[in-house]
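[1] pasting the sequence and the predicted model now:
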Amino acid sequence: MSGIQLRKINKYFDNNHILKDLDLFIEDGDFMTLLGPSGCGKTTTLRVITGLENPEEGVLTINGKEMVNGAKGYYAPPSKRGLNLVFQSYALWPHMTVFDNVAFGLSINKTPKAEIRAKVESALEKMRIIQYKDRYPSELSGGQQQRVAIARAIVTEPKILLLDEPLSNLDAKLRLEMRAELKRLHRELKTTIIYVTHDQVEALTMSTKIAVFFEGHLVQVDTPRNIYRHPVDLRVADFIGNPKINFIDADVAYLNGSLTAESELGTLVLPGASSGAGSGKAVLAVYPEDILISSEKTEGAAMLSIYSVMPAGSETLIQLTTRGDNLLLAKVIGELDYPVGKMVWVTIPQEKVNVYDKETGRLIPRTEESAASPELKRGII
Ligand SMILES: Nc1ncnc2c1ncn2[C@@H]1O[C@H](COP(=O)(O)OP(=O)(O)OP(=O)(O)O)[C@@H](O)[C@H]1O
């Protein structure tokens, strides 16, 4: 399979261990996002791939060709790696027009003039900035400049495009627009994209795969859906999701393929656990949108009181007080108004609950088929 393979990459800066035994495969055509909090090593990983940083240990191959071999002290120069990089600071040349900025890479390659014109215009059209081709960067907004930088990167039709927080300087509306543009571009050009961000929404909306980093460790690589539905540990669960996921302390016991979780919300039966799951202290994780609230008495539901109601336009965030006096956050689509202190009935569908070992923080796996079996779809609280 062709792609970019990192094996046991270790990188140090002044005795600080920055990348720790990094193993990652980026398949041809992937939109792979490197996601994690500030300082976790995302940019360093990108720089190792491009050759702007040399790791002390490990091997990097691009389409089977060795680019880095730490043990042999071999590092292929960046220009020989066939990559194209767009940084957060998109640095356009101020004295050149948009057209010339985008054409630059092609003109130094001695591409014929007519071909340059056709390619530049096509890249500008793709980024929907053809109307600005004769302007100078100072005559463009930040978002338009960012589009020029991306047009400049795609005009040479790179097989692999690396983007480091390319949308970080844009306002919320433009970010949303550019996410859609990048996703469309990926589909159209079939380029492999490696994208660095600390914005989980950006990662979830655009990527085919996400690699989550914490403190130089690669913690989880998976599809956006699996990362969202089954974060492998409490750190990832805490990082993914907006508003944040709820954590509820519980005691779990394994019995006949199910985990029974006792928490301040009552008893929840969670099928699909393997016998290795064991018993002990656990943490249940539930997204706010998976908490169901009803003012009618519901069988098996827990009775909780409304702590606060926060309308947010198309959705309403509701805080509920648990028996143990902790707060649980629920998200409901649409407008809803409950008086503070009102008692409501709360249900959590068992297949939406992830269980984590409290000591190790690791997800206790459950098989999805049994977790979603219709007769057990609703857990009992
Ligand atoms: N040239 C350098 N010299 C020394 N330390 C560095 C250097 N570059 C990065 N670091 C350190 O390495 C760690 C990882 O940095 P990196 O830029 O890869 O993080 P990141 O995940 O991309 O963070 P951010 O989202 O803030 O850009 C940080 O602690 C950073 O301070």
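    Ah, there it is. Numbers count the residues shown, from 1 in each chain.
[2] does the ligand sit close to stretch 164-173?
    No: using Cβ under 6 Å from any ligand atom, stretch 164-173 stays clear of the ligand, with a minimum separation of 6.9 Å. For the C-beta atoms, the positions are set from N, CA and C on the backbone; glycine is no exception.
[3] ends of that stretch, what's the gap?
    Length of stretch 164-173, first residue to last, Cα to Cα, to the nearest Å: 19 Å.
[4] buried residues of that stretch, list them for me.
    Burial within stretch 164-173, assessed by neighbour count using 16 or more other Cβ atoms under 10 Å, is assigned to Asp164, Glu165, Pro166, Leu167, Leu170.
[5] and the nearest residue to Trp93 once chain neighbours are set aside, what is it in contact with?
    If the residues on either side of it in the chain are set aside, Trp93 comes closest to Asn101, at 5.7 Å by Cβ to Cβ, 6 or more residues apart in numbering. Shown in contact with Asn101 (Cβ atoms under 8 Å, 6 or more residues apart in numbering): Leu92, Trp93, Pro137, Val148, Arg152.
[6] with adjacent residues omitted, what lies nearest to Ala330?
    Nearest to Ala330 is Ile291, by Cβ to Cβ, 6+ apart, at 3.9 Å.
[7] which residues touch the one you found?
    Counting by Cβ under 8 Å, 6+ apart, Ile291 makes contact with Asn246, Leu320, Leu328, Leu329, Ala330, Lys331, Val346, Thr347, Ile348.
[8] is it true that the fourth one touches Leu317?
    Yes: Leu329 is within contact range of Leu317, at 6.4 Å (criterion: Cβ atoms under 8 Å).
[9] who has more neighbours out of the two?
    Higher neighbour count among Leu329 and Leu317: Leu329, with 20 against 16, using other Cβ atoms under 10 Å.
[10] can you give me the helices in the stretch 151-300 of the chain?
    Taking DSSP state H, counting those that start in this stretch as the test, the helices found in the stretch 151-300 of the chain are 172-189, 200-206, 224-229, 234-239.
[11] circling back: tell me which two of the buried residues of stretch 164-173 sit farthest apart.
    Spanning the widest gap among the buried residues of stretch 164-173 are Asp164 and Leu170, at 14.3 Å by Cβ to Cβ.
[12] what's the domain layout of this protein?
    3-234, 244-376 (automatic domain parsing).
[13] worst mean pLDDT among those domains?
    Lowest mean pLDDT of those: domain 244-376, a mean of 87.
[14] if I look at the nearest residue to Arg362 once chain neighbours are set aside, how far off is the ligand?
    Spatial nearest neighbour of Arg362, chain neighbours left out: Asp233 (5.3 Å); criterion: Cβ to Cβ, 6+ apart. Here the criterion is Cβ to the nearest ligand atom, to the nearest Å. By it, Asp233 lies 18 Å from the ligand.
[15] and Leu52, by the same measure?
    10 Å.
[16] do the same with Glu264
    When Glu264 is compared with the ligand (using Cβ to the nearest ligand atom), they lie 36 Å apart.
[17] re earlier: send me the helix or strand containing the residue nearest to Trp93 as PDB with only the CA atoms.
    Assessed by DSSP states H and E, Asn101 sits inside helix 98-108. Extracted C-alpha coordinates of helix 98-108, given in PDB (Å, rounded to 0.1, in the frame of the first residue of the first chain):
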ATOM      1  CA  VAL A  98      -2.400  37.200  -6.600                       C
ATOM      2  CA  PHE A  99      -1.700  35.600 -10.100                       C
ATOM      3  CA  ASP A 100       2.000  36.000  -9.700                       C
ATOM      4  CA  ASN A 101       2.000  34.600  -6.200                       C
ATOM      5  CA  VAL A 102       0.200  31.500  -7.300                       C
ATOM      6  CA  ALA A 103       2.300  31.200 -10.600                       C
ATOM      7  CA  PHE A 104       5.600  31.500  -8.700                       C
ATOM      8  CA  GLY A 105       6.200  27.700  -8.100                       C
ATOM      9  CA  LEU A 106       5.400  27.000 -11.800                       C
ATOM     10  CA  SER A 107       7.600  29.700 -13.200                       C
ATOM     11  CA  ILE A 108      10.700  28.500 -11.400                       C
END
